[in-house]
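Trainee: sequence unknown, structure follows:
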């Protein structure tokens with residue numbers, strides 16, 4: 001379950017893929033398959049959410065990990081590699097690692 005809280009000590013990855021609109025669905029399929037085959041079974045994995053850009057040119061993957069070491073260990077697993085290699089043939093990739101700084105909720109006026 002996704003937990004966005006200042007008290008959670010998790011590593012957040014926000015990975016933005018830029019793709020031609022004709023390839024957006026294929027990219028989503030590849031990222032979904034890679035996650036189902038391997039990523040979601042990796043030690044330290046907490047959650048992942050895929051976002052589809054409404055203009056067809058972006059796919060963003062938001063994920064949480066227990067630690068950078070757990071994420072790096074998953075990256076060394078060869079099972080998702082074929083999916084990710086194919087994804088990088090059709091999309092540009094901008095990875096980012098983040099820590100939660102603060103959160104905001106509705107004001108409830």
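Mentor: That came through fine. Fair warning: this is a prediction, and the values are worked out from it, not measured in the lab.

Trainee: quick one: distance of the longest helix seen in the chain to the chain centre.
Mentor: In the chain, assigned by DSSP state H, the helix with the most residues is helix 24-37. Relative to the mean C-alpha coordinate of its chain, helix 24-37 is positioned 11 Å out (CA atoms, centre = their mean, to the nearest Å).

Trainee: then stretch 96-107?
Mentor: Taking CA atoms, centre = their mean, one finds stretch 96-107 lying 16 Å from the centre of the chain it belongs to.

Trainee: what is the end-to-end distance of it?
Mentor: Across its full length, stretch 96-107 reaches 29 Å end to end, with CA to CA, to the nearest Å as the criterion.

Trainee: avg pLDDT for that stretch?
Mentor: For stretch 96-107, mean pLDDT is 88.

Trainee: ok, stretch 22-41 next?
Mentor: Here the average pLDDT along stretch 22-41 is 96.

Trainee: where do the helices sit along the protein?
Mentor: Under the criterion DSSP H, helices of the chain are mapped to 24-37, 68-75, 81-90.

Trainee: on that earlier part again, can you state the direction angle for the longest helix of the chain and helix 81-90?
Mentor: Taking axes from the mean of the first three to the mean of the last three CA atoms, to 10 degrees, one finds that helix 24-37 is oriented at 160 degrees with respect to helix 81-90.

Trainee: would you mark the buried spots in helix 24-37?
Mentor: The neighbour-count criterion (16 or more other CB atoms under 10 Å) identifies 24, 27-28, 30-31, 33-35 as the buried residues of helix 24-37. Any C-beta I mention is one placed from the backbone N, CA and C, and that applies to glycine too.

Trainee: quick check, nearest of the residues you listed to residue 53?
Mentor: Nearest to residue 53 among the buried residues of helix 24-37: residue 24, at 7.4 Å, using CB to CB.

Trainee: per-residue confidence for the residue nearest to that closest one when sequence neighbours are not counted?
Mentor: Counting by CB to CB, 6 or more residues apart in numbering, residue 24 lies nearest to residue 56, which is 5.1 Å off, once chain neighbours are set aside. The per-residue pLDDT reported for residue 56 equals 97.
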